[in-house]
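Asks: from the sequence below, what's the structure:
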Amino acid sequence: MQGTVKWYDAVKGFGFIKTDDDADVFVHRTGLKDSQFGLDTDQTVQFELQESDRGPVAVDVEIIS
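Replies: Numbers count the residues shown, from 1 in each chain. You can find the predicted model right below:
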């Protein structure tokens, strides 16, 4: 899937990605392929969805632009 970073808090290590179909998906730093860099608002990312007990979570997140 692809989406745009809605917001990401590098200190807390989590945020949300807005998908192409207008849904918000939670993202945690552990789901980033390169977790040392974090994410910036409005970056385009590619990711996989994984179900958790709290709903869908973005995993294998990588920046594409």
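
Asks: and for residue 27, the neighbour number?
Replies: Counted by other Cβ atoms under 10 Å, the residues lying close to residue 27 total 25. In short, each C-beta sits where N, CA and C put it, glycine included.

Asks: what secondary structure does the residue most central in space within the chain sit in?
Replies: Residue closest to the mean C-alpha point of the chain, counted by Cα atoms, centre = their mean, is residue 27 at 3.9 Å. The three-state assignment at residue 27 reads strand, by DSSP: H, G, I helix; E, B strand; the rest coil.

Asks: who does it form a beta bridge with?
Replies: Listed by DSSP bridges, the beta-bridge partners for residue 27 are residue 15, residue 58.

Asks: which phi and psi does the spatially most distant residue from the centre of the chain have?
Replies: Most distant from the centre of the chain: residue 53, at 17.3 Å, with distances by Cα atoms, centre = their mean. Main-chain torsions, residue 53, degrees, to the nearest 10: phi -70, psi -10.
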